[in-house]
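**Student:** need a structure here:
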Amino acid sequence: MTIEHIFTSPGHDYFGHHGRAPDDFPLEETDEIECVAGRGIREDRFFDYRENYKGQITFFSAEVFAELARHFDIADKSPGVLRRNVILSGVDLKALIGADFELQGVQFRGTAHCAPCYWMDSAFAPGAEKFLAGRGGLRARILTDGHIRVGPAQLKVLQPAALS
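**Tutor:** The predicted structure is shown next:
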């Protein structure tokens, strides 16, 4: 598995903007972020957003982004336009919903599918929301403090998701 990209933003462009225009907060690509247990990513828009918030960090599949770009024949957009924090290759993010896992020494709890919203159609291309249905990424809580960096990473599943 590889951490391909890491993104943060100081504010919300789309979240909470239903019925009005998006904001224009810069998306910052970085090689490393500081994860703070129970609080989020330091200097990101969801840091201290709400106690025990289920989306303190978001993960997205590099393979799904590549499929999205091919489907819409778009080669000039970064996966950052989807406003997910960590872009990973080589992992099934759906399998981590409900699981506790570790990346580069930092522990997380996969809380929910990060469902795409209608903003995807303007941020990426018309039809992107529908294309990403069921493949929008993973929301997670941060369980331990630490840093994660772009580069190779080993996924350790600490507590598998409960079977339904």
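
**Student:** ok, which stretches of the chain are helices?
**Tutor:** 62-71, 120-123, 128-131 (DSSP state H).

**Student:** For this structure, which segments count as strands?
**Tutor:** Along the chain, counting by DSSP state E, strands occupy 2-8, 28-30, 32-36, 40-41, 57-61, 86-89, 100-103, 106-113, 138-142, 146-149, 151-152, 155-159.

**Student:** and the gap between the nearest residue to residue 68 once chain neighbours are set aside and residue 70?
**Tutor:** Of all residues not flanking residue 68 in the chain, residue 131 sits nearest, at 6.0 Å (C-beta to C-beta, 6 or more residues apart in numbering). Any C-beta I mention is one placed from the backbone N, CA and C, and that applies to glycine too. As defined by C-beta to C-beta, to the nearest Å, residue 131 lies at a distance of 11 Å from residue 70.

**Student:** pull the helix or strand with minimum mean pLDDT from this structure.
**Tutor:** Within the chain, no helix or strand scores below helix 120-123, which has a mean of 86 by mean pLDDT, DSSP states H and E.

**Student:** Tell me who's in contact with residue 61.
**Tutor:** With contacts defined as C-beta atoms under 8 Å, 6 or more residues apart in numbering, residue 61 is in contact with 87, 88, 89, 91, 93, 135, 137.
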